[in-house]
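[1] 3D, please:
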Amino acid sequence: LASSSNDKTIRMWDTWSGQCTGMLRRHAATPTSLSWSPCGTQLLSAAGLAENEPALVWELRTQSVAYTLGSSADSVAWAPAG
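    Below is the predicted model of the structure:
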């Protein structure tokens, strides 16, 4: 499970224990859209309320940004493989 907060962070949660398992910080505004990759190893995020805020692809193993996409994004989703 992933959630975003007004403190501009994204947190990952263990649904069994309720414990926070990681925190991602890089957006200049509150992330408004999150999407897990089909394989579950990456998270795509956007903070659409900020001007010129790119979408970010996070590598969850290292909790770092793997890719920066575009100059701004309101919402994000992964395309199914095929």
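[2] C-alpha only now, for contacts and for neighbours.
    Noted.
[3] partner strands of the host helix or strand of residue 45 and their direction?
    Secondary structure here is read from DSSP states H and E; on that basis residue 45 sits in strand 42-46. In the sheet containing strand 42-46, its partner strands are strand 33-36 (antiparallel), strand 55-59 (antiparallel), by DSSP bridges.
[4] figure out which of those strands is closest to residue 49.
    Distances from residue 49 to each of the strands paired with strand 42-46 were compared by CA to CA, and the smallest falls on strand 33-36, at 10.4 Å.
[5] residue 3 and residue 27: what is the separation?
    Using CA to CA, to the nearest Å, one gets 14 Å for the distance from residue 3 to residue 27.
[6] cool, residue 69 as well?
    Here the distance between residue 69 and residue 27 works out to 13 Å (CA to CA).
[7] would you mind telling me which of these two has more residues around it?
    Neighbours around residue 69 and residue 27, counted as other CA atoms under 10 Å, are more numerous at residue 27. The numbers are 19 against 14.
[8] those strands in this structure, which residues are they?
    Listed in chain order, the strands found in the chain under DSSP state E are 2-4, 9-13, 20-25, 33-36, 42-46, 55-59, 64-69.
[9] and the shortest one, which strands flank it?
    Looking back up the chat, that one is strand 2-4. For strand 2-4, the pairing partners within the sheet under DSSP bridges are strand 9-13 (antiparallel).
[10] now swap in the third one and tell me
    According to DSSP bridges, strand 20-25 forms sheet pairs with strand 9-13 (antiparallel).
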